[in-house]
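In: A predicted structure for the sequence below; I have some questions about it.
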Amino acid sequence: MRNKITKAIFPVAGLGTRFLPATKAVPKEIMTLVDRPLIQYAIDEARAAGIREFIFVTSRGKSALEDYFDHNPQLEAELRRKDKKEILEVLKTTNMDSGAIAYIRQHKPLGLGHAVWCARRLMGNEPFAVILPDDVIAADKPCLQQMIEAFEENPGNMVAAMEVPAEKASNYGMLDIESEQGNLVAVKGMVEKPKQDPPSNLAVIGRYLLMPEVLKNLNKKSAGANGEIQLTDAIAQEITEGRPVYGYRFQGERFDCGSKAGFLQATVAFGLAREDLRDELSVYLRAIMHVDKAAQ
């Protein structure tokens, strides 16, 4: 079995109900963070980490995703005619080569574990990545690249991890820690959305490097928290069967773009990071903060 990870699954079948009415017509993953859709940030991170095959687990109403990654000859010809070379180069980064991307339908919303299981026939007997586009991570070195470098030194199932306050633990899969070595944490257990007494303050974030045995665990289709097939449960079974599971404390700032507040926070942060937007946006933010303080 090869330890080189070149395939990634992107579970994008969700309805995006927290962003209605916008998501009535536009998939949440196409919603723009500054001037790029959420899914583009995930794809760029995967490419930087060496991913070459992209598997999207979709549902009805997600055809805009397929269109986004397709070539648009008419638009490209118009940009060339108008000599808009810079925009044309940006547009090329959104194109996916034939055969590099595949789409699998998840017909029922049975959970993240089920979404990953839907792509099982495309994985083969090799490790793979799972990326949740809702989790956008700003980092000097992309989060998935950090994890793959750690994976090459310590092969095994690996999840991105970050500290969360105790009152937020019920929103995450939480890690039970056996030992720590730098950014890498050996895990002895995982609890999905604990209602009380989380085993640690380390939560699982939407980046996973998984061994093929996890797919076999998912074959059992055992329902977990919220009656869904949980990916966390399938990973935890690896610990029970004596195979290593690690948490990786990534360097960077994570934004939960599955929530409106997180999406707005990410928009401000990414806007301020752009040289062409920073000055004007900073002036505006200072102005509204001044008005807010004056009102108090």
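Out: Thanks, I have the structure now. All values derive from a computational prediction rather than experimental measurement.
In: Helix, strand, or coil at L79?
Out: Secondary structure assignment for L79 (DSSP: H, G, I helix; E, B strand; the rest coil): helix.
In: hmm, I was thinking of I9
Out: For I9, the assignment made with three-state DSSP gives strand.
In: Quick one: name whatever helix or strand follows the host helix or strand of V187.
Out: Element membership for V187, per DSSP states H and E: strand 184-192. Moving toward the C-terminus from strand 184-192, the next helix or strand (DSSP H and E) is strand 202-210.
In: So which elements touch that next one?
Out: In terms of contact count using 3 or more C-beta pairs under 8 Å, 6 or more residues apart in numbering; DSSP states H and E, strand 202-210 is assigned the packing partners strand 128-131, strand 135-138, helix 143-153, strand 157-163, strand 173-181, helix 231-240, strand 245-249. Where C-beta positions appear, they are placed from N, C-alpha and C, glycine not excepted.
In: List the buried residues of the very next helix or strand once past the last one.
Out: This means strand 245-249. Next in sequence after strand 245-249, counting helices and strands by DSSP H and E, comes strand 253-256. For strand 253-256, a neighbour-count test (16 or more other C-beta atoms under 10 Å) marks R254, F255, D256 as buried.
In: Same question for stretch 244-264.
Out: 245-250, 252, 254-258, 262-263.
In: What is the end-to-end distance of it?
Out: One end of stretch 244-264 to the other measures 37 Å (C-alpha to C-alpha, to the nearest Å).
In: pLDDT on that stretch, on average?
Out: If you average the pLDDT over stretch 244-264, you get 95.
In: picking up where we left off before, save the buried residues of stretch 244-264 as CSV, and put in distance to E149 too.
Out: Formatted as CSV, those follow (distance: C-beta to C-beta, whole Å):
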residue, distance to E149
V245, 18
Y246, 13
G247, 15
Y248, 10
R249, 14
F250, 11
G252, 14
R254, 19
F255, 23
D256, 25
C257, 25
G258, 27
G262, 27
F263, 29
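In: with the residues you listed in mind, which one is nearest to T58?
Out: G258 (16.6 Å; C-beta to C-beta).
In: if I look at the closest one, how far off is S63?
Out: According to C-beta to C-beta, to the nearest Å, G258 stands 21 Å off from S63.
In: cool, and S282?
Out: 38 Å.
In: Check I30 too.
Out: Using C-beta to C-beta, I30 is found at 11 Å from S63.
In: Name the nearest residue to the residue positioned nearest the centre of the chain, sequence neighbours excluded.
Out: Nearest to the geometric centre of the chain sits L132, at 2.4 Å (C-alpha atoms, centre = their mean). What sits nearest to L132 in space, not counting adjacent residues and going by C-beta to C-beta, 6 or more residues apart in numbering, is G206, at 2.9 Å.
In: hmm, back to that, going by how many neighbours each has, rank I30 and S63 and give me the top one.
Out: Neighbour totals were compared for I30 and S63, and I30 leads with 20 against 11 (other C-beta atoms under 10 Å).
In: G271 should be in a helix, yeah?
Out: Yes: membership of G271 in a helix is supported by three-state DSSP.
In: Just list the residues touching it, thanks.
Out: V34, L277, R278, L281 (C-beta atoms under 8 Å, 6 or more residues apart in numbering).
In: Who are the packing partners of the lengthiest helix in the chain?
Out: When the chain is parsed with DSSP state H, its longest helix is helix 275-295. Judged by 3+ C-beta pairs under 8 Å, 6+ apart, helix 275-295 is in contact with helix 260-272.
In: Report the distance from the helix it packs on to the chain centre.
Out: From the chain centre to the centre of helix 260-272 is a distance of 16 Å (C-alpha atoms, centre = their mean, to the nearest Å).
In: ok, back up a step: out of the buried residues of strand 253-256, which comes closest to G14?
Out: Of the buried residues of strand 253-256, the one sitting nearest to G14 (C-beta to C-beta) turns out to be D256, at 13.6 Å.
In: what's across from that closest one in the sheet?
Out: Here D256 sits in beta bridges with D135, as judged by DSSP bridges.
In: Just to check, it is in contact with L264?
Out: No: if you go by C-beta atoms under 8 Å, D256 and L264 don't touch, sitting 10.9 Å apart.
In: List the residues that contact the residue nearest to L132.
Out: V130, I131, L132, P133, D134, D135, A160.
In: No further queries at this time; thank you.
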